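In: Below is the sequence, then the predicted model.
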Amino acid sequence: MVTKLQAHRVVIHIDFDYFFAQVEERERPAIKDKAVVVCVYSGRGEDSGAVSTANYIARKYGVKSGMPIVFAKKKLKNVEAVFLPVNHARYDMVSQEMMNMIRTYAYAFEQVGVDEAYLDVSKRVDGSYEKARHLATEIKKEIFAKEKITCSIGIGPNKLVAKIAAGRKKPNGLTVVRPEEVQQFVSDLPVRELMGVGRKTEKKLRELGIKTIGQLAACNIGRLVGVFGNTLGNYFHNASLGIDETPVEQRGRAKSISRIVTLKQNTRDPAVMLKEIKNLAEDVHSSILEQGLSFKSVSIVAVMDDLTTLSRSKTFQNPTESLEKVQRTAKELLELLLKRETDRSVRRVGIRMSDFFEEKGQKQLADFSGN
DNA sequence: GTATGCTTTCGGC
DNA sequence: TTACGGCCGAAAGCATAC
């Protein structure tokens, strides 16, 4: 039998520090010493909406992502603070510049969202964690020199460990975890550090007496599968041991595109909702066509007054590009949803399209039409 | 039974 | 405790096909 000596991988995870707020700071030096809170305003009332990101000064006072804006204002009531609306177009531009710099360092590159990336640098550093540390320092230097943005970096033998490592020292941190240190490194950390463990899963695990990753590792795998199902149970078991074989690879195009808005006021009037949904549909539809795609599935979403989310969806027999078909389908789906929902009123509505197909002739058509 | 497809919900950032 | 965005991917749950 032929055996191949498999050297350990060396994976880098890069996380841009408090990204949206840092971009705002960079562009308005005057706010740098203040609490900066980047907000998603919902358009109902002065301060309705949620916090997207805050700088570390604001965090010191307990401001967190996802928190209602009014809550953040209370926390910062005796502090010099700046509240700004999100400017996604701006952050996307900065992100792209940064990602294009970073990707040149790696044999394999994977962007995650707007502010995170994985690099497989095994070849580049010849399996050496010392070289990887040096490389990471260089990357940080170049990013700061060219973009004036700091980031936190984690290095490990796989994506799981690299990501957790990046989160250990923030902002502007660098954490290296060598293969032989993995067990020791993860075992005392709270399970919350694992990707896929949020508030709900954390609670479920706590009810099983599991608080740390080490305790998770000690838990019988059958028990985990019993509680979380096959996929998640096995994932948790492997993750608790710092095992993750998933490759660093470029992500393809999005599998769904959606838009959602908060209504001016809660309503049960289908006409009001449909008007909004039709607008959103136009938006999503044009974005899909711009990418030369057709689609097969449409779903609508309603967030009720108690913040529970309901959805209805429909998949066509064949892919289509028709906006009219989307809007007609959305209307049917909305009626279907409201028929079953008699007491609560609706706070937010949205639309989501998925099941994309490449439209082969699209490019030429676009050229002829002058687009 | 297993594979596959569709709908709805969950959870992370 | 307050009051509450806008996305995304993927799992769960169920139905149908072979």
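Out: Yep, it's here. Numbering: from 1, shown residues only, chains lettered A, B, ... in the order given.

In: How about the stretch 51-200 of chain A: which residue is closest to DNA strand B?
Out: Nearest to DNA strand B in the stretch 51-200 of chain A, going by C-beta to the nearest atom of the strand, is A:Gly198, at a distance of 1.2 Å. C-beta coordinates here come from the backbone N, C-alpha and C atoms, glycine included.

In: what residue ranges in the stretch 151-300 of chain A are flagged as low confidence?
Out: Across the stretch 151-300 of chain A, nothing is flagged by pLDDT under 70.

In: Please repeat the previous calculation with a cut-off of 90.
Out: A:191-211, A:219-239, A:244-247, A:249-254 (pLDDT under 90).

In: For burial, what's the neighbour tally of the residue in it that DNA strand C sits nearest to?
Out: Residue of the stretch 151-300 of chain A nearest DNA strand C, by C-beta to the nearest atom of the strand: A:Gly229 (2.5 Å). Burial of A:Gly229 is recorded as 11 neighbouring residues (other C-beta atoms under 10 Å).

In: what does A:Glu27 give?
Out: As a burial measure, A:Glu27 scores 12 neighbours (other C-beta under 10 Å).

In: Local confidence estimate at it?
Out: Looking at A:Glu27, its pLDDT reads 92.

In: Show me where chain A has its helices.
Out: A:19-27, A:56-60, A:69-75, A:88-103, A:129-147, A:159-168, A:182-187, A:199-207, A:213-218, A:221-240, A:270-290, A:323-339, A:362-368 (DSSP state H).

In: Deepest in the core, which of those helices is it.
Out: Among the helices of chain A, helix A:159-168 has the highest mean neighbour count (mean count of other C-beta atoms under 10 Å), at a mean of 23.

In: Identify the residues contacting that one?
Out: Under the contact criterion C-beta atoms under 8 Å, 6 or more residues apart in numbering, helix A:159-168 has outside partners A:11-15, A:118, A:152-156, A:173, A:175-177, A:182, A:185-186, A:189, A:193-195, A:239, A:242-244, A:246, A:248.

In: Quick check on those residues: which are buried?
Out: Among these, those buried by neighbour count (16 or more other C-beta atoms under 10 Å) are A:11-15, A:118, A:152-156, A:173, A:175-177, A:182, A:185-186, A:189, A:193-194, A:239, A:242, A:244, A:248.

In: List the ones among the residues you listed that fall in strands.
Out: Among the buried ones among the contacts of helix A:159-168, the ones falling in strands (DSSP state E) are A:11-15, A:118, A:152-156, A:175-176.

In: From DNA strand C, how far off is the residue positioned nearest the centre of chain A?
Out: The residue lying closest to the centre of chain A (C-alpha atoms, centre = their mean) is A:Gly113, at 5.1 Å. A:Gly113 sits at a distance of 8 Å from DNA strand C (criterion: C-beta to the nearest atom of the strand, to the nearest Å).

In: Would you mind naming what in chain A lies close to DNA strand B?
Out: Contact residues, chain A versus DNA strand B (C-beta under 7 Å from any atom of the strand): A:65-66, A:113, A:115-116, A:195-202, A:296-297, A:299, A:301, A:308-315, A:355.

In: Dump the helices of chain A into CSV; add distance to A:Ile351 as well.
Out: As requested, the helices of chain A are exported to CSV (distance: least, C-beta to C-beta, whole Å):
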stretch, distance to A:Ile351
helix A:19-27, 25
helix A:56-60, 33
helix A:69-75, 25
helix A:88-103, 18
helix A:129-147, 35
helix A:159-168, 32
helix A:182-187, 40
helix A:199-207, 26
helix A:213-218, 38
helix A:221-240, 28
helix A:270-290, 5
helix A:323-339, 6
helix A:362-368, 22
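
In: Can you tell me which of the ones you listed is nearest to A:Ala50?
Out: helix A:69-75 (6.5 Å; C-beta to C-beta).
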